[in-house]
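**Student:** Curious how this folds, go ahead:
(one chain, ligands or ions: 1)
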Amino acid sequence: MRKVIIAGNWKMYKTQGEATEFLMEFSSQIDDAPEDREVVLCVPFTDLTTVSKSLHGNRIRLGAQNVHWEECGAYTGEISASMLTEVGVRYVIVGHSERRQYFGETDETVNMRLKAAQASGLIPILCVGETKQQRDAGIAEKVIINQLNNGLIGVSQAKLVIAYEPIWAIGTGETCESAEANRVIGVIRAQLTNPDVTIQYGGSVKPSNIAEIMAQPHIDGVLVGGASLAATDFAGIVNYK
Ligand code: 13P
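**Tutor:** Residues are numbered from 1 along each chain as shown. Prediction:
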């Protein structure tokens, strides 16, 4: 059975004070959300402890936005898997396009991060997706298949989530047509050996388009950026019908 996972990616937004305020508003708005869906918040490192403490007894799962492949060492600015699990993190985003674009993340480092996450019991959310240029050149599928082939070497498909995030649809307001997102996610699924891997769509997901996106047969959830920052918007997404 593929699990439905609705995840928010706060990126570099929200201080601890703002996170606490968000949770007070958000938690009460998702009380009636159907049990079939997992709700995840991937927050900045400094918010993890605060958010973790506020999640007791409620259904939100904690996520981080990156993890290093070594247990410890001289890696200034990085964080290890055990540092994340210690504060209650269950999910971690790996290979987000912003990491690939601005911080030199490659399929090779993505692969190492995925393996380290799984070795510590974290569930990685592997992000893949093409640029506008690659799409226009007709090589979107080739790019994505490459990201999967290289990223998933030696990675278990038992505890894994994949997010298809077309880069041109991130933060642009330009959502990928849901039928097209479904088609690409079908291509991704065909590359996998485990039929139960949850595959999300990400890119300008909003309360107004969530129902249509989730109605697609291959789409098992969403990874939400901008609209996960406002409690009412994210609750509107979590509560989709
Ligand atoms: P937006 O929802 O702001 O387009 O961001 C998507 C994203 O990058 C989630 O990881």
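
**Student:** going forward, measure contacts and count neighbours with C-alpha atoms only.
**Tutor:** Will do.

**Student:** In this protein, what residue spans correspond to helices?
**Tutor:** Along the chain, the segments classed as helices by DSSP state H run 16-29, 48-54, 81-86, 97-102, 107-119, 132-136, 140-151, 178-191, 210-214, 231-238.

**Student:** Tell me the buried residues in the fifth one?
**Tutor:** Within helix 107-119, the residues scored as buried using 16 or more other C-alpha atoms under 10 Å are 107, 109, 110, 111, 112, 113, 114, 115, 116, 117, 118.

**Student:** just those residues now: which is nearest residue 214?
**Tutor:** Residue 214 lies nearest to residue 114 out of these, by C-alpha to C-alpha, at 26.1 Å.

**Student:** which residues touch the closest one?
**Tutor:** 69, 94, 124, 126, 151, 152, 155 (C-alpha atoms under 8 Å, 6 or more residues apart in numbering).

**Student:** Which positions in this protein make contact with the ligand?
**Tutor:** Residues of the chain lying close to the ligand (C-alpha under 6 Å from any ligand atom) are 9, 170, 171, 202, 203, 204, 205, 223, 224, 225, 226, 227.

**Student:** circling back: export the buried residues of helix 107-119 to CSV and tack on pLDDT and distance to residue 142?
**Tutor:** Converted to CSV, those look like this (pLDDT from 0 to 100; distance: C-alpha to C-alpha, whole Å):
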residue, pLDDT, distance to residue 142
107, 98, 14
109, 98, 20
110, 98, 18
111, 98, 18
112, 98, 22
113, 98, 23
114, 98, 21
115, 98, 23
116, 98, 26
117, 98, 26
118, 98, 26
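
**Student:** of those, closest to the ligand?
**Tutor:** Checking the buried residues of helix 107-119 against the ligand with C-alpha to the nearest ligand atom, the nearest one is residue 110 at 15.3 Å.
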